[in-house]
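> the following comprises the amino acid sequence and a computationally predicted model.
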Amino acid sequence: MGERLFLRLEDDPLHGPESAVPAGTLRALAVSAALRGHVSHLMLYRETFADGHEMRERVLPDGAVRLVFNFGDAPSAGRCDGLAVEAIGASAAPAVVRMRGKVEGLSVTLRPGAAACLLGLPAGEIGGGAVHLDALWRGEGSALLERMAEAPGDAQRVALLHAALLYRLRGSRIAGNDIATHAARLIAASDGRLPLRDVAAAVGVGERRLQQLFHAHVGLSPRAWSRLARMHGCLRTLRQRPAPDWADLALEGGFYDQSHLVNEFRALCGVTPTEFLGRTVSVSSKTGG
């Protein structure tokens with residue numbers, strides 16, 4: 001059984017250069033103008049594994065809530081088999097996904113602040129788990145998946161998905177939250193270094209109210225979102241500086257010291273910084289020649 005990395009940061013079109021996904025496996029699809037305020041990324045994936053072969057993919061967290069529609073053999077994470085159609089909650093921990101057979105589907109990445117109005121419940125109630133979409137959409141998730149599976153091509157599948165999401169938005173009793181969205185963007189833009197009291201003041205709420213809004217509309221606490229943003233800033237720096245002085249990198253990135261950086265790397269990525277670089281160098285050498 002092999003294992004590969006998958007990482008996608010907000011400004012990556014498909015995935016980051018660290019990812020070992022074969023060329024042609026993923027394709028980014030256009031998001032309709034009416035959904036761009038709620039959906040940040042729409043991705044099609046197709047990959048077939050030889051009989052008996054299983055691939056483990058370590059997916060580094062980006063803190064997003066996702067909707068996933070599987071048309072082939074659904075991947076599975078942890079101890080649970082993958083669901084055919086599911087909402088995956090925001091997480092600040094890596095997930096190891098097991099894939100075998102024919103893996104095919106669509107993944108919808110929601111923007112911070114958009115999950116509650118599309119799912120019909122606070123984003124934090126899903127936590128880092130997965131919920132069958134039928135439980136949230138009263139059976140409409142499986143019906144949509146069936147229509148999409150029977151569609152003659154990818155364009156028709158995407159059109160059905162767009163129509164279903166717009167229908168959910170128009171009928172939602174929960175509005176998106178501009179305060180949570182703005183606060184999440186402020187934290188991300190500062191690579192997690194803006195103190196939360198300053199974030200709360202900038203959006204005009206108290207810190208306790210900020211925590212409540214993040215639970216409802218982002219699915220993570222403001223502190224967890226900040227930790228991820230700081231780690232993402234570190235990962236972007238590593239793309240430009242693949243042989244860093246770790247002590248300097250830690251201080252520049254807003255960590256207390258090198259030990260703090262290593263501990264956060266292990267907690268959020270599941271590997272140490274040295275192990276991460278070892279994997280990415282190995283990936284680059286295999287795909288670069």
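Looks like it came in fine.

> what about the helices in the stretch 51-200 of the chain?
For the stretch 51-200 of the chain, the helices defined by DSSP state H, counting those that start in this stretch occupy 115-119, 133-137, 140-150, 154-171, 178-189, 196-203.

> do you know the pLDDT at the spatially closest residue to residue 193 that is not a sequence neighbour?
Spatially, and ignoring its direct neighbours in sequence, residue 193 is nearest to residue 254 (4.2 Å; C-beta to C-beta, 6 or more residues apart in numbering). For every residue, glycine as well, the C-beta is placed using N, CA and C. Looking at residue 254, its pLDDT stands at 93.

> wait, doesn't residue 254 sit right on residue 191?
Yes. Look at residue 254 against residue 191 with C-beta atoms under 8 Å: they come within range, at 6.7 Å.

> just put the helices of the stretch 51-200 of the chain in a markdown table and tack on mean pLDDT, distance to residue 276 and mean neighbour count.
Formatted as a markdown table, these follow (pLDDT from 0 to 100; distance: least, C-beta to C-beta, whole Å; neighbours: other C-beta atoms under 10 Å):
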| stretch | mean pLDDT | distance to residue 276 | mean neighbour count |
| --- | --- | --- | --- |
| helix 115-119 | 91 | 28 | 25 |
| helix 133-137 | 93 | 33 | 19 |
| helix 140-150 | 93 | 35 | 17 |
| helix 154-171 | 94 | 33 | 16 |
| helix 178-189 | 95 | 21 | 19 |
| helix 196-203 | 97 | 27 | 16 |
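
> which one of these lies nearest to residue 223?
Distance to residue 223, taken as C-beta to C-beta, is lowest for helix 196-203 among the helices of the stretch 51-200 of the chain, at 6.8 Å.

> can I get the CA coordinates of the closest one in CSV?
Presented in CSV, the C-alpha positions along helix 196-203 are these (Å, rounded to 0.1, in the frame of the first residue of the first chain):
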residue,chain,number,x,y,z
LEU,A,196,-8.2,37.5,17.9
ARG,A,197,-9.1,40.5,20.0
ASP,A,198,-8.1,42.7,17.1
VAL,A,199,-10.0,40.6,14.7
ALA,A,200,-13.1,40.9,16.8
ALA,A,201,-12.7,44.6,17.1
ALA,A,202,-12.2,45.0,13.3
VAL,A,203,-15.6,43.2,12.6
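
> contact partners of that helix?
179, 182-183, 186-187, 206-207, 209-210, 222-223, 226 (C-beta atoms under 8 Å, 6 or more residues apart in numbering).

> closest one of these to residue 46?
Nearest member of the contacts of helix 196-203 to residue 46, counting by C-beta to C-beta, is residue 187, at 34.3 Å.

> give me the mean pLDDT for stretch 205-212.
For stretch 205-212, the per-residue pLDDT averages 96.

> same deal with stretch 51-60?
On average, stretch 51-60 scores 89.

> got the buried residues for it?
Buried residues in stretch 51-60, counting neighbours by 16 or more other C-beta atoms under 10 Å, are found at 55, 57-60.

> ok, now which ones touch residue 61?
Contacts here follow C-beta under 8 Å, 6+ apart; on that basis residue 61 touches 91-95, 228, 268.

> I am finished for the moment; much appreciated.
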